[in-house]
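> Below are the sequence and a predicted model; questions follow.
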Amino acid sequence: MNVEDKAVWITGGTSGIGRATAKMFFDKGAKVMITGRNVERGEAVVAPFGERGLFIQAEMTSTEDLERALQAMLDRWGGIDILINCAAETLPYPVITVDGPGPLDQFEREIRVNLIGAYDVSRLAGYAMTKKEPYENGERGVIIHMSSLASVTANPLISGYCAAKAGLLHLTKVLATAYASYGIRCNAIQPGYVRSAITESKEKNPFVDIEQDIPINLFPKKVAEPEIIASTCLFMVENSYINKASLLVDGGVTIRS
């Protein structure tokens, strides 16, 4: 699908991968709505693009917020062609401590934002896509989910995030199967060590050096800029034969041999 003049919804578009993806798609001539919680950052992302940009404050755990955002997009541009789900949340917490089991509330929150929220926004946007007239090749829309290398690695400090991102890979296949007859493709990307809102919080900590955390088997040996993942999104949208796929973009860090 050529992105020029297409209507794109990017969740989590106020920072990191979402922000970089929004700017790249703007530069390619798309109309982009971003959603997120930070109004100041969201409005700053879309401001340079006039009527081609739209920011709606929305929380991924609120169906009402997501419905309101979608309606604003439909009112502005009459439809939706592309959904890129970049919204994510994680905070470290233990599975078990010397005093007893770890907390449940944070695990539930991470599943709610990273997996249930992804399903919620996909079902809403996907249904809206089915109502459009198909393009020449029969395609009506594209959905991309941002998974993580955490989907294939085990970190007990972010157990809910790992579980949600792994679940997101299979959810992508389920949605791709459900939407295939409507001409809607669904794929996932598994970023590795990428500069994002999550790594930004570490970089501001004077006692943490994220460059030192990089494994020896990574190449290039650096934290990737979010534009790397944005370009992968663009590639997945433009290549109409990529469907029901997940792509690791991690510098090979998850390959152990």
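Perfect, thanks for sending it. Residues are numbered from 1 along each chain as shown.

> Mind jotting down where the helices sit in the chain?
16-27, 39-46, 63-77, 105-111, 117-130, 159-179, 197-203, 227-238 (DSSP state H).

> Show me which residues of the second one are buried.
Along helix 39-46, the positions that meet the burial threshold by neighbour count (16 or more other Cβ atoms under 10 Å) are 41, 42, 45, 46. All C-beta atoms are positioned from the backbone trio N, CA, C, and that covers glycine.

> got a list of contacts for stretch 159-170?
88-90, 95, 106-111, 113-115, 118, 145, 147-148, 150-155, 188, 190, 246 (Cβ atoms under 8 Å, 6 or more residues apart in numbering).

> same thing but 7 Å
90, 95, 106-107, 110-111, 114-115, 118, 145, 147-148, 150-151, 154-155, 188, 246 (Cβ atoms under 7 Å, 6 or more residues apart in numbering).

> mind listing which of these are in strands?
145, 188, 246 (DSSP state E).

> Let's have those residues in TSV, adding pLDDT and neighbour count.
Shown next, in TSV, are the ones in strands among the contacts of stretch 159-170 (pLDDT from 0 to 100; neighbours: other Cβ atoms under 10 Å):
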residue	pLDDT	neighbour count
145	98	27
188	98	28
246	96	17
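
> Nearest to residue 55, out of the helices of the chain?
Nearest to residue 55, of all the helices of the chain, is helix 39-46, at 3.9 Å by Cβ to Cβ.

> Quick one: distance of that closest one to the chain centre.
Computed by Cα atoms, centre = their mean, to the nearest Å, the separation of helix 39-46 from the middle of its chain amounts to 18 Å.

> so for it, what's the average pLDDT?
The pLDDT scores in helix 39-46 average 97.

> Please name every helix or strand in contact with it.
Secondary-structure packing of helix 39-46 (3 or more Cβ pairs under 7 Å, 6 or more residues apart in numbering; DSSP states H and E): strand 31-36, strand 53-57.

> how far off strand 53-57 does the first one point, in degrees?
In other words, strand 31-36. 20 degrees (axes from the mean of the first three to the mean of the last three Cα atoms, to 10 degrees).
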